[in-house]
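Colleague: what's the 3D shape of this:
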Amino acid sequence: MAPLNAISDVEEVKEEESKPPQAASGEPPHEALIERFSHEVFRYDCLDRRLKRHHITGIAFSGAVGIGLFQTSGQIIAMGGPVGALIAFVFAGLVIFSVMRSLAEMVSVRPVKGAIMDYPDVFVDEALGFAVGTMYW
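Modeller: Below you'll find the model as predicted:
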């Protein structure tokens, strides 16, 4: 068991740490205010060593996606060889690039709220807009 005076020394150190730093006599008042404000803002700036549920879910999700990518890449290389895999990845990249360019064009022409349901409705068909809205809901 620690002696009583050791505990009070720790409490004094904690109290000293919690006090905002005092302004030097030659410091302008606005710098002293900034110093006090930054001390208040960053007083509890420390690393929290606990994982919450959403952290663990994110780690599990990224692990599952990563394993799926490695496994799928291995299967593609086994079926098509290295050149076939390269052609497949280039083709998939071009499709994704085309879709993103198309979305960028639609956003620049028609910047609206609720674009997920509006773009299929306006640019393709009303039924597709309804289906996308239902699936999104």
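Colleague: any idea how far the residue nearest in space to the middle of the chain is from Val65?
Modeller: Residue closest to the mean C-alpha point of the chain, counted by C-alpha atoms, centre = their mean, is Gly58 at 10.4 Å. Gly58 sits 11 Å away from Val65, going by C-beta to C-beta, to the nearest Å. C-beta coordinates here come from the backbone N, C-alpha and C atoms, glycine included.
Colleague: try Lys113
Modeller: 30 Å.
Colleague: Comparing those two, which residue is more hemmed in?
Modeller: Val65 (10 against 5; other C-beta atoms under 10 Å).
Colleague: Gly66 sits in which helix or strand?
Modeller: Assigned by DSSP states H and E, Gly66 belongs to helix 53-109.
Colleague: Could you count how many residues lie near the nearest residue to Leu51 once chain neighbours are set aside?
Modeller: Closest residue to Leu51 apart from its sequence neighbours, by C-beta to C-beta, 6 or more residues apart in numbering: Ile59 at 8.0 Å. When neighbours are defined as other C-beta under 10 Å, Ile59 has 11 of them.
Colleague: Also Thr134?
Modeller: Thr134: 9 neighbours (other C-beta under 10 Å).
Colleague: where in the chain is pLDDT low?
Modeller: Residues of the chain meeting the criterion pLDDT under 70: 1-28, 41-48.
Colleague: Tell me the helices and strands packed up against the helix holding Gly66.
Modeller: Applying 3 or more C-beta pairs under 8 Å, 6 or more residues apart in numbering; DSSP states H and E, we find helix 53-109 packed against helix 115-123.
Colleague: What is the helix it packs on packed up against?
Modeller: By 3+ C-beta pairs under 8 Å, 6+ apart, helix 115-123 packs against helix 53-109, helix 126-136.
Colleague: Buried deepest among those, which one?
Modeller: Among the helices and strands packed on helix 115-123, helix 126-136 has the highest mean neighbour count (mean count of other C-beta atoms under 10 Å), at a mean of 13.
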